[in-house]
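> dropping the sequence and predicted coords here.
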Amino acid sequence: MTLKTVTLKDDTSYVINEVPNKEMNKLGIVFGKAVSLYAEYITTDKTSIWRYSSFCTDNVNLFNKKDIVNEHPASKNETDIYNKLKNNIPLEADDRNFLRVNYKRKDK
């Protein structure tokens, strides 16, 4: 399994395990499993919390290849996060810190 990290035009990032799919590939669509990489600080009237990447998709149509603006082999941290979420293992403090430092969602 070769994982890669992609960033899309909308500034979202994913660790993906692309699965060959003849029909989708012809259409320029990436098919496979993915984990969205993010850390988001949520503030309400009563509380403030961090929300993080929390699940791995099944094999699905992920996005169009033309929307990719950056692509590289997944780092060790990104691979660890993907594998934990794929296996329903909670993220650890180091994982959450990595997401906050590298994938904090910008305020809109």
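Perfect, I can see it now.

> would you verify that Thr7 is located in a helix?
No: counting by DSSP: H, G, I helix; E, B strand; the rest coil, Thr7 falls outside a helix, being strand.

> give me the low-pLDDT residue ranges for the chain?
Within the chain, the ranges that satisfy pLDDT under 70 run 1, 107-108.

> quick one: the helices in it?
Secondary structure of the chain (DSSP state H): helices located at 22-26, 76-86, 93-103.

> and the last one, what does it pack against?
Other helices and strands packing on helix 93-103, by 3 or more CB pairs under 8 Å, 6 or more residues apart in numbering; DSSP states H and E, are strand 29-37, strand 39-43, strand 48-52, helix 76-86. Quick note: C-beta positions are derived from backbone N, CA and C, even for glycine.

> of those, give the one that comes closest to Arg96.
strand 48-52 (5.5 Å; CB to CB).

> and the angle from that closest one to strand 29-37?
Counting by axes from the mean of the first three to the mean of the last three CA atoms, to 10 degrees, strand 48-52 lies at 140 degrees to strand 29-37.

> in its sheet, which strands sit next to strand 48-52, and in what direction?
Using DSSP bridges, strand 48-52 pairs in its sheet with strand 39-43 (antiparallel).

> identify the residues contacting the partner strand?
48-53, 96, 99-100, 103-105 (CB atoms under 8 Å, 6 or more residues apart in numbering).

> give me the buried subset of these.
The neighbour-count test (16 or more other CB atoms under 10 Å) marks 52-53, 96, 99, 103 as buried among these.

> make TSV from these and add distance to Glu23 to it.
Converted to TSV, the buried ones among the contacts of strand 39-43 look like this (distance: CB to CB, whole Å):
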residue	distance to Glu23
Tyr52	33
Ser53	29
Arg96	38
Leu99	33
Tyr103	31
